[in-house]
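Peer 1: Here is a sequence with its predicted model. Questions after.
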2 protein chains.
Amino acid sequence: MSAPTIYDVAREAGVAASTVSRAFNNPNRVRVSTRDHILSVARRLGYQHNPHARTLLSGRTHAIGMVVSDITNPHYFELIRGAEMRVKASKYTLVLVNAEESPRIEYDHIRRLAQSVDGFVLAASRLPDENILEFAGMRPLVLMNRELPGLPSVIVDYAEGCHRIVEHLASLGHESIVYLAGPRNSWTAQQRWNSIRHACDKIGLKAERIGYFIPTVASGIAAADAALHTDATAVIAHNDLLAIGVLRRLTERGVSVPADLSVVGFDNIFAADLCSPALTTLGGAHAEVGGAAVELLLDRTRVIGPPSDAVPRLVLPSWLHVRASTGPASRGNHMATH
Amino acid sequence: MSAPTIYDVAREAGVAASTVSRAFNNPNRVRVSTRDHILSVARRLGYQHNPHARTLLSGRTHAIGMVVSDITNPHYFELIRGAEMRVKASKYTLVLVNAEESPRIEYDHIRRLAQSVDGFVLAASRLPDENILEFAGMRPLVLMNRELPGLPSVIVDYAEGCHRIVEHLASLGHESIVYLAGPRNSWTAQQRWNSIRHACDKIGLKAERIGYFIPTVASGIAAADAALHTDATAVIAHNDLLAIGVLRRLTERGVSVPADLSVVGFDNIFAADLCSPALTTLGGAHAEVGGAAVELLLDRTRVIGPPSDAVPRLVLPSWLHVRASTGPASRGNHMATH
DNA sequence: CTGAAAGCGCTAACAA
DNA sequence: TTGTTAGCGCTTTCAG
């Protein structure tokens, strides 16, 4: 009643089980006629490989684990989509888990899956470096939008992008900007702030950081209020969700964008083009990040030789999408409008 | 060098492998002291279950497969999120695959995974009934937003929702509406059209269907153009993406919403509240649909007895979110404004 | 309460 | 070219 095994096929075909196995895996080491016979019997019986038996023997699961720090964030959709497509192309299986912005949950997920997958791609992992290195010792692992010396990674060029943002704002006459930071343990949040500060220093703008904020629309309330408490004429939010939340709150408080305050986001999610005013945001080829990370991972798992000859670090380009939420700096403090 | 097995633990602890196994699985059938000893040795060695060996024996994979018809559509992310949370609560693993709106791809995915998962949840499957029944014979299976006699399913109450939509439009004085249909093989597209037509008949409105359209923003162009070719004063688009595409196209063509034409969508995706005008749309507890489907599936896979005593069919409520894209019917034909 | 042994489905030597 | 055998890591009788 249960699924037929190679023994069923073997008996039915009048050969040994190993011959059946060979007929599938080393077809050229079986006489053509027997092979054809075996295959036809297998088809007739509806024989299917049992992947677990195979895994037990080979240790390879043909699955890869993808960990995203928050499945709710549309930004990750793109990464997931890219990864999924690439995984599929290799007949692998994508196991998706959501860390819910919690390092603890992320850690547990990975531990639990470590035996069940051939490797991991971590999207914007919130884990401390030590933990990531610990796991990297157990399984091949590729980072997305995070870098760690010695580990392969794929990131969007946020450093370059931050310079573009600051230049854009400077060209509009802004002299003081504020960065609404993402989560404390987010590598990108750290990196963006560094890049923004660096760019501002270079050009001669004043830069301030507020945060940390959980990057959701809801957090936009607190973030907007805090931003209004500064003398900045432009805010750079850690991502589009936060930026959209900020836009909402500003509207509520009667602050007009971009007349009183300019707003910039990150990720160029679908909604960024729909909100009003449409959001100026730094986009990137996120789906390609997902695909490339999987690609690197599969390379790693395939390789038999010494594991770390050269650790690839891909940096994919970013683009600034200038829309309606940024404009010339207002002369006075934006609060003066009240 | 490779992961320690129960034999390593057994040797180190000075007991038999079977005792180690029992210490984990039937703790009460092992003397407390030996058990504690074994567990401590196991911890020290960093022992981890090998799930594949277990699977080989038990046939249970502790993974469930989720198939979505288009991973690009934000609507499904709610379903995925709900399913993921529920799966996690049971220490199962979610295997996610994308059918890319292609029955063929969907079929292949499911076939390939059939051995690797304990069951499937299918989100808005585009497969013909026969195929679904074929798979249901191999593995437990729960449908989301699709119904099929004899199979468990969880749907949002679109039938009721369509009546609400039509009533809403009727109350605004609309007398002729057009439904921009989703994909041909989409059960919801079929069901929505039936419900809309039924509601219109009952209330005495004229209803027309155009389509089929792939439910994306890009399809909105053709859909909007087609809608303008009718005498309808309100359009109901198969989902929010299509509706948003329609809004865009209408803006492009100088048709104002809702003054000239009212627009309604389905799903209440995040962007529906951001586009302008904000979209009137039928929402539902989509994350709960995902969770409930997984719940039903786990019930099924746990059950040892006769498989089909009562086949559960859950219908979760829907709500109409009335926003700015619907308004009073315009007197004349909307094309008269040109 | 614990150990020995068989076997889940498959592959990979080793023989023939 | 094909068959025999052992074993991947684990659970589960069956003895002891």
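Peer 2: Sure thing, it's come through. Residues are numbered from 1 along each chain as shown, chains lettered A, B, ... in the order given.

Peer 1: C-alpha from now on. contacts and neighbour counts both.
Peer 2: Noted.

Peer 1: how about the helices of chain A, start to end?
Peer 2: Taking DSSP state H as the test, the helices found in chain A are A:6-13, A:17-25, A:32-45, A:51-58, A:74-89, A:103-113, A:129-138, A:158-171, A:187-203, A:220-228, A:240-252, A:286-302.

Peer 1: who does the first one touch, helix- and strand-wise?
Peer 2: Read that as helix A:6-13. helix A:17-25, helix A:32-45 (3 or more Cα pairs under 8 Å, 6 or more residues apart in numbering or on different chains; DSSP states H and E).

Peer 1: can that helix be found next to DNA strand D?
Peer 2: No. Contact of helix A:6-13 with DNA strand D is not found when judged by Cα under 7 Å from any atom of the strand; the minimum separation is 7.8 Å.

Peer 1: Quick check: mean pLDDT of that helix?
Peer 2: Across helix A:6-13, pLDDT averages out at 93.

Peer 1: Any part of that helix near DNA strand C?
Peer 2: Yes. Contact between helix A:6-13 and DNA strand C, assessed by Cα under 7 Å from any atom of the strand, occurs at A:6-7.

Peer 1: from the chain's centre, how far out does that helix sit?
Peer 2: Mean-position distance between helix A:6-13 and its chain equals 46 Å (Cα atoms, centre = their mean, to the nearest Å).

Peer 1: Check which residues of that helix are buried.
Peer 2: By 16 or more other Cα atoms under 10 Å in any protein chain shown, the buried positions in helix A:6-13 come out as A:6, A:8-10, A:13.

Peer 1: ok, the nearest residue to A:I71 once chain neighbours are set aside - contacts?
Peer 2: Excluding the flanking residues, the one nearest A:I71 by Cα to Cα, 6 or more residues apart in numbering or on different chains is A:N98, at 5.7 Å. For A:N98, the contact set (Cα atoms under 8 Å, 6 or more residues apart in numbering or on different chains) comprises A:67-71, A:106, B:84.

Peer 1: Identify the bridge partners of A:N98.
Peer 2: A:V68 (DSSP bridges).

Peer 1: Make a markdown table out of the contacts of A:N98 and add pLDDT.
Peer 2: Formatted as a markdown table, the contacts of A:N98 follow (pLDDT from 0 to 100):
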| residue | pLDDT |
| --- | --- |
| A:V67 | 96 |
| A:V68 | 94 |
| A:S69 | 92 |
| A:D70 | 88 |
| A:I71 | 84 |
| A:E106 | 96 |
| B:E84 | 92 |
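
Peer 1: number of nearby residues for A:T230?
Peer 2: Neighbour count for A:T230, taken as other Cα atoms under 10 Å in any protein chain shown: 16.

Peer 1: Roughly how far does the closest residue to it other than its chain neighbours sit from A:A234?
Peer 2: Nearest residue to A:T230 in three dimensions, chain neighbours excluded: A:V178, at 7.9 Å (Cα to Cα, 6+ apart). According to Cα to Cα, to the nearest Å, A:V178 stands 6 Å off from A:A234.

Peer 1: Same question for A:T326.
Peer 2: Per Cα to Cα, A:T326 is found 8 Å from A:A234.

Peer 1: do A:H109 as well
Peer 2: As judged by Cα to Cα, A:H109 and A:A234 stand 39 Å apart.

Peer 1: What of A:A16?
Peer 2: From A:A16 across to A:A234, the span is 75 Å (Cα to Cα).

Peer 1: Pipe the contacts of A:N98 into JSON lines and attach distance to DNA strand C per row.
Peer 2: Formatted as JSON lines, the contacts of A:N98 follow (distance: Cα to the nearest atom of the strand, whole Å):
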{"residue": "A:V67", "distance to DNA strand C": "29"}
{"residue": "A:V68", "distance to DNA strand C": "32"}
{"residue": "A:S69", "distance to DNA strand C": "35"}
{"residue": "A:D70", "distance to DNA strand C": "37"}
{"residue": "A:I71", "distance to DNA strand C": "35"}
{"residue": "A:E106", "distance to DNA strand C": "31"}
{"residue": "B:E84", "distance to DNA strand C": "29"}
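
Peer 1: Can you tell me which of these is closest to DNA strand D?
Peer 2: A:E106 (22.7 Å; Cα to the nearest atom of the strand).

Peer 1: follow-up on the earlier one: most neighbours per residue, which of the helices of chain A?
Peer 2: Mean neighbours per residue, mean count of other Cα atoms under 10 Å in any protein chain shown, is largest over these for helix A:240-252, with a mean of 24.

Peer 1: Which residues of chain A lie near DNA strand C?
Peer 2: Checking chain A against DNA strand C by Cα under 7 Å from any atom of the strand, the hits are A:2-7, A:17-18, A:21-22, A:24-25, A:48-51, A:53-54, A:56-58.

Peer 1: list the contacts for A:A23?
Peer 2: If you count contacts by Cα under 8 Å, 6+ apart, A:A23 has them with A:29-30, A:35, A:38-39.

Peer 1: now do 6 Å
Peer 2: When contacts are counted by Cα atoms under 6 Å, 6 or more residues apart in numbering or on different chains, A:A23 touches A:R35.

Peer 1: With A:A42 instead?
Peer 2: Listed by Cα under 6 Å, 6+ apart, the contact partners of A:A42 are A:V9.

Peer 1: okay, which residue is most central for chain A?
Peer 2: Centroid-nearest residue in chain A: A:A123, 3.5 Å away (criterion: Cα atoms, centre = their mean).

Peer 1: what does the stretch 201-338 of chain A put close to chain B?
Peer 2: Selection of the stretch 201-338 of chain A residues close to chain B by Cα under 6 Å from any Cα of the partner chain yields A:271, A:274-275.

Peer 1: how about a cut-off of 10 Å?
Peer 2: A:244, A:248, A:269-278 (Cα under 10 Å from any Cα of the partner chain).

Peer 1: buried subset of those?
Peer 2: A:244, A:248, A:269, A:271-278.

Peer 1: coming back round to it: compare A:T326 and A:A234 and say which is more crowded by neighbours.
Peer 2: Neighbours were tallied for A:T326 and for A:A234 using other Cα under 10 Å; the higher tally belongs to A:A234 (32 against 25).

Peer 1: Could you identify the pair within the buried residues of helix A:6-13 that is furthest apart?
Peer 2: Within these, two members stand farthest from each other by Cα to Cα: A:I6 and A:A13, at 10.1 Å.
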